[in-house]
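Student: Output the structure for:
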Amino acid sequence: MVEYITIGKKEYPVRMGYYVMKKVQEKTGKSLGKALQEHKEDIELHETILFAALKMGAYAEGTELDLKEEDIPMILDLCFSEYMKLFTSDRFFPEVDEVGKSEEDQKQAKRS
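Tutor: You can find the predicted model right below:
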C-alpha cells in the first residue's frame, strides 16, 4: 500500500515492503523487527527506512525520486512528526495476516 508524506510543500509516496526490509538488513545485518528492537538508540535507522520507503513509493507510482540520500537527515527533520505517525501506524507496517488482502477485507477483519 502506498501512503503519502509531506516534505516541504510536496507530497511524496512512501511504501513499506520487501525493499525497505532488505535495506535495513543490509545496514544492520538483522531483520527489520530485530533491528527495531535491538537498535532503538540508532536514530540513523530511520534515515534508512525513510529513504528506502520513498524510493519504493516512487517506484510503485512510476515516478523518479527527486530527493538525494545525503539530504535525508534534513528531510527527516522537516517531516519527523508526520513520519513518526506513519511509521507507528498499522498502515505502514500491516500485520502479516493482512498482507495481500484488499483494504475492504482488512476493514472487515478488524470489525469482526
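Student: Below-threshold pLDDT in the protein: ranges please.
Tutor: Within the chain, the ranges that satisfy pLDDT under 70 run 39-40, 91-112.
Student: which helix is the longest one in it?
Tutor: helix 44-61 (DSSP state H).
Student: Excluding chain neighbours, give the residue nearest to T48 in space.
Tutor: K27 (5.0 Å; CB to CB, 6 or more residues apart in numbering). Yep, even glycine has a C-beta here, placed from its N, CA and C like the rest.
Student: circling back to that earlier point, C-terminal to the longest helix of the chain, what's the next element?
Tutor: helix 72-87 (DSSP states H and E).
Student: Would you mind listing the buried residues in that following helix?
Tutor: Neighbour counts over helix 72-87 (16 or more other CB atoms under 10 Å) mark I72, I75, L76, C79, Y83, L86, F87 as buried.
Student: Which of the residues you listed sits closest to E38?
Tutor: Using CB to CB, F87 is the member of the buried residues of helix 72-87 that sits closest to E38, with 17.1 Å.
Student: Isn't the closest one up against H46?
Tutor: Yes - F87 lies in contact with H46 (CB atoms under 8 Å); the separation is 7.5 Å.
Student: For P73, which residues are in contact?
Tutor: Contacts for P73 (CB atoms under 8 Å, 6 or more residues apart in numbering) come out as E47.
Student: quick one: it from Y59, how far?
Tutor: Here P73 is placed at a distance of 22 Å from Y59 (CB to CB, to the nearest Å).
Student: ditto for M74
Tutor: Counting by CB to CB, the gap from M74 to Y59 is 23 Å.
Student: Could you do R15 as well?
Tutor: Counting by CB to CB, the gap from R15 to Y59 is 8 Å.
Student: Would you check how far apart the residue nearest to T48 and Y18 are?
Tutor: K27 is 15 Å from Y18, by CB to CB.
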